[in-house]
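Asks: no FASTA, just this:
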């Protein structure tokens, strides 16, 4: 593959996913990571991508699909219902890891009265409790992705590898019987570190995520304990998840 074609494919791939690791980009164009680094240097000079720790992101996305504020307008009623149901699982004064998904952001909104210790890589979640005297917030380090409102990269992974929490509340791009998937490869290592740090792992997924596969594989179903979803979840899949030993909680949609 000629360098120009390879760089075009890298740019097209980043337009689809917004940011990706060096490993993902190398696999996408079937080249070595050192070759991809050189391509990224050229693309960065042209102003189309920005190199980051361990990967790259597109500078001018053609869609707002991955913007936090845009994604947070999807399935709002379902997200609110899931948030309330998930909040019932949290006990007062527990330590709670909250990842950067929009659904788990809604969960965070129902936790303040429980006076938890919140551990997160989500800037919207951290900002939610900025003026609260009831909640202690620990924010990971990392590289800021403004549109996503998330801290990523090796510093974020390292931070969660040193944490211990009662519960991790997670989001994802999809769930099938094969496991959990997510839209962004750079989030995978962070989410795995979050899950390893928690005694209980809860995924909050509206019905549009069930039966769907996203870009990058995160984990098998054996790595989680509970799934909180809404009444639109496919009954056959819910039954299969329960048969596999998962606790599946169905939340009614909240009125808007």
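Replies: Noted; the coordinates are in hand. If you're wondering where the values come from, they're calculated on a predicted model, not measured in any experiment.
Asks: can we go C-alpha only for contacts and neighbour counts from here?
Replies: Will do.
Asks: Mind checking the pLDDT average for stretch 108-117?
Replies: The average pLDDT within stretch 108-117 is 95.
Asks: Give me the contacts around stretch 109-117.
Replies: Residues outside stretch 109-117 that contact it (C-alpha atoms under 8 Å, 6 or more residues apart in numbering): 83-84, 87, 90-96, 128, 132, 134-138.
Asks: Make sure residue 57 is indeed in a strand.
Replies: Yes. Assessed with DSSP: H, G, I helix; E, B strand; the rest coil, residue 57 lies in a strand.
Asks: If any of the contacts of stretch 109-117 are buried, give me the PyMOL selection for them.
Replies: Buried subset of these, written as a PyMOL selection, criterion 16 or more other C-alpha atoms under 10 Å:
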select buried, resi 83+84+87+90+93+95+96+135+136+137
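Asks: In contact with the nearest residue to residue 232 once chain neighbours are set aside, which residues?
Replies: Distances taken as C-alpha to C-alpha, 6 or more residues apart in numbering put residue 207 closest to residue 232, at 5.3 Å, once the chain neighbours are dropped. For residue 207, the contacting residues are 229-234, by C-alpha under 8 Å, 6+ apart.
Asks: Give me the neighbour count for residue 194.
Replies: When neighbours are counted by other C-alpha atoms under 10 Å, residue 194 registers 30.
Asks: can you check residue 214 too?
Replies: Residue 214: 17 neighbours (other C-alpha under 10 Å).
Asks: if I look at the nearest residue to residue 252 once chain neighbours are set aside, how far off is residue 171?
Replies: Once flanking residues are discounted, residue 252 sits nearest to residue 81: 5.5 Å by C-alpha to C-alpha, 6+ apart. Distance from residue 81 to residue 171, counting by C-alpha to C-alpha, to the nearest Å: 15 Å.
Asks: can you tell me how far the residue nearest to residue 252 sits from residue 129?
Replies: 21 Å.
Asks: go on, residue 239?
Replies: From residue 239 to residue 129 the distance is 37 Å (C-alpha to C-alpha).
Asks: These two: who's more crowded?
Replies: residue 129 (17 against 12).
Asks: how close does that one sit to residue 120?
Replies: Taken as C-alpha to C-alpha, the span from residue 129 to residue 120 is 11 Å.
Asks: where do the contact lists of the two overlap?
Replies: With C-alpha under 8 Å, 6+ apart as the test, residue 129 and residue 120 both reach residue 137.
Asks: neighbours around the residue nearest to residue 252, how many?
Replies: Residue 81: 24 neighbours (other C-alpha under 10 Å).
Asks: again with residue 211
Replies: Neighbours around residue 211, by other C-alpha under 10 Å: 16.
Asks: got it, and residue 245?
Replies: Neighbours of residue 245 (other C-alpha under 10 Å): 13.
Asks: Equivalent analysis for residue 89, please.
Replies: Around residue 89 there are 10 residues (other C-alpha under 10 Å).
Asks: Filter the contacts of stretch 109-117 down to just the ones in helices.
Replies: Among those, the ones falling in helices (DSSP state H) are 83-84, 87, 128.
Asks: Run through the chain and note the low-pLDDT ranges.
Replies: 61-76, 146-147, 253-256 (pLDDT under 70).
Asks: Break it down into its structural domains.
Replies: For the chain, automatic domain parsing gives the domain ranges 3-58, 69-251.
Asks: Return the most buried member of the ones you listed.
Replies: domain 69-251 (a mean of 19; mean count of other C-alpha atoms under 10 Å).
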